[in-house]
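S.K.: Show me how the following folds:
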Amino acid sequence: MSWLTGGAVFEYLKIVEQRILEAQRRGEFDNLAHAGKPLVFEDENVPEDLRMAYKILKNSGYLPPEVELRKEIRRMEDMLCRMEDGEDKYRAMKKLNLLVARLNAGRSGHAAFDAPEHYEEKLVARFGRK
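M.R.: Model (predicted):
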């Protein structure tokens, strides 16, 4: 809006607001997808200071390694929930632990913000061998 100066900016914004209110009264926003539902933000796990940059990168078809890694961790967790106990589940759990360790190693912040690992003791208790 650099072409608008002084009072022109105010008038422009006033017109925009007026048109939005008129469209609301006509019900033009009533049938929008997800109307009345809370917004779901895909980037909750991304630090606030990086969200805009990550969004720009995502819109251009690129996801930062940390976001890709988090997506892969979620996929692995979902897959593990559906797997039956056995060797395959044990190997998948080890892979999940590796992914979480890689994610945590790449973080530059307090350890309290690290993703939780799925510990070996839980695996041993679940599968009954060491």
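S.K.: Give the burial count for the closest residue to residue 29 other than its chain neighbours, as a bare number.
M.R.: Among residues not flanking residue 29 along the chain, residue 23 sits closest, at 6.5 Å (C-beta to C-beta, 6 or more residues apart in numbering). For every residue, glycine as well, the C-beta is placed using N, CA and C. By other C-beta atoms under 10 Å, 11 other residues sit near residue 23.
S.K.: How about the one 4 residues further on?
M.R.: When neighbours are counted by other C-beta under 10 Å, residue 27 registers 8.
S.K.: Contact partners for it?
M.R.: Neighbour list for residue 27: empty [criterion: C-beta atoms under 8 Å, 6 or more residues apart in numbering].
S.K.: per-residue confidence for it?
M.R.: The confidence metric pLDDT takes the value 90 at residue 27.
S.K.: do residue 11 as well
M.R.: With respect to pLDDT, residue 11 has a value of 83.
S.K.: quick revisit: roughly how far is whatever helix or strand the residue nearest to residue 29 lives in from the heart of the chain?
M.R.: Residue 23 belongs to helix 7-26 when assigned by DSSP states H and E. Mean-position distance between helix 7-26 and its chain equals 33 Å (C-alpha atoms, centre = their mean, to the nearest Å).
S.K.: re earlier: the residue nearest to residue 29 and residue 30 touch, don't they?
M.R.: No - using C-beta atoms under 8 Å, residue 23 is not in contact with residue 30, being 10.2 Å away.
S.K.: same for the helix holding residue 23, what does it pack against?
M.R.: Using 3 or more C-beta pairs under 8 Å, 6 or more residues apart in numbering; DSSP states H and E, no helix or strand is in contact with helix 7-26.
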